[in-house]
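# fold the following, please.
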Amino acid sequence: MKQRTIGGRTVSAIGLGGMPMSIEGRPDTRRSIATIHAALDAGVTLIDTADAYHRDAGEVGHNEELIARALRAYGRGPDDVLVATKGGHLRPGDGSWTVNGDPAHLKQAAKESAKRLGVEAIGLYQFHRPDPRVPYADSIGAIRDLLDEGAIRMAGISNATVDQIDEANEILGGRLHSVQNQFSPRFRSSLRELEHCDRLGIAFLPWSPLGGIANAPELSARHTAFRDVADEVGVSVYQVTLAWELALAPVVIPIPGSSRPESIRDSAAATDVHLSAEQISRLSAA
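Model prediction:
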């Protein structure tokens, strides 16, 4: 497994997104743990989660607890695997999503996430989504305080614009370590943020890098250039998609969501796929 860095820490070039194992349509616990173990077997050392990755009311942090349980069973800890979690997004339990960027909420949420993960300090804590009711600087100020207190080791933001990246990095004193935005062949509007992170040397973590849970199977039908290149290289269209994203910049670390061992094994193998400059150009132009 090829590697990349977040804030100076070496991690796998492909991460595991934990959301599909905890929201609607989730598999049973046994299969979820098998999926996480398959990721570890494949060399994955970055797992992404959030306190909002749950399905029902009263089970906040379901995915965090699931990941912590799987890591304990595998015999891995925070020195071996970087678990990145997020706060500031909420799920009432009815399938909807809300936001809460209040500084007090973020600080409390981080402490509760740390308990669920079984760590004294969260490896990477990310502000999940801006709250229009709360000044962005106030929310990021809470992340800065957590960093200064040692409650988190690295700080990140998610669903951010270029201006918000710069604002957050300034408030954090140049200690913004990651930006997690949606990016895929289907959703490319975060390309400016990706390129900006590359200039700043900040890790860019595409979420839903294959187009999302519902749309990933449509990659071949909707994006024929990716299917054609996959046929040329002799690998899955999913591997080609992730390999293309990795080729865009050395700061890119895709985090495909998986709920089956075979899917994360396929994604992890994308780091071994070599695309020619012509193929990368063709995919970027598609």
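# any chance you could map the helices in the stretch 1-150 of the chain?
Ranges of helices in the stretch 1-150 of the chain, per DSSP state H, counting those that start in this stretch, are 29-41, 62-74, 103-117, 136-149.
# save those as CSV, and put in mean neighbour count, distance to Val237 and mean pLDDT too.
Yep, even glycine has a C-beta here, placed from its N, CA and C like the rest. Formatted as CSV, the helices of the stretch 1-150 of the chain follow (neighbours: other CB atoms under 10 Å; distance: least, CB to CB, whole Å; pLDDT from 0 to 100):
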stretch, mean neighbour count, distance to Val237, mean pLDDT
helix 29-41, 19, 20, 98
helix 62-74, 21, 27, 98
helix 103-117, 19, 34, 98
helix 136-149, 19, 37, 98
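# export those to TSV and append columns for distance to Gly95.
Formatted as TSV, the helices of the stretch 1-150 of the chain follow (distance: least, CB to CB, whole Å):
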stretch	distance to Gly95
helix 29-41	20
helix 62-74	14
helix 103-117	21
helix 136-149	25
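# so for Glu218, which of these sits nearest?
For the helices of the stretch 1-150 of the chain, proximity to Glu218 was assessed by CB to CB; helix 29-41 is nearest, at 22.0 Å.
# circling back to that earlier point, between the helices of the stretch 1-150 of the chain, which gets nearest to Leu275?
Of the helices of the stretch 1-150 of the chain, nearest to Leu275 by CB to CB is helix 29-41, at 23.0 Å.
# show me what contacts the closest residue in space to Ala52 that isn't next to it in sequence?
Among residues not flanking Ala52 along the chain, His89 sits closest, at 4.2 Å (CB to CB, 6 or more residues apart in numbering). For His89, the contact set (CB atoms under 8 Å, 6 or more residues apart in numbering) comprises 50-52, 97-100, 128-129.
# confidence score at the closest residue to Ala109 other than its chain neighbours?
Spatial nearest neighbour of Ala109, excluding adjacent residues (CB to CB, 6+ apart): Gly87 at 3.7 Å. Confidence at Gly87, expressed as pLDDT, is 98.
# I'd say Gly87 and Ala114 touch.
No - at 10.7 Å, Gly87 does not count as touching Ala114 under the criterion of CB atoms under 8 Å.
# in stretch 47-62, which residues are buried?
47-54, 60-62 (16 or more other CB atoms under 10 Å).
# please apply the same query to stretch 152-171.
Residues of stretch 152-171 classed as buried: 152-161, 164-165, 167-169, 171 (neighbour count, 16+ other CB under 10 Å).
# in these, find the pair that's most separated.
Arg153 and Thr161 (25.3 Å).
# next one: the helix or strand bottoming out on mean pLDDT in the chain to chain centre, how far?
Sorting the helices and strands of the chain by mean pLDDT, DSSP states H and E puts helix 219-222 at the bottom, at a mean of 77. For helix 219-222, the gap between its own C-alpha mean and the chain's C-alpha mean amounts to 23 Å (CA atoms, centre = their mean, to the nearest Å).
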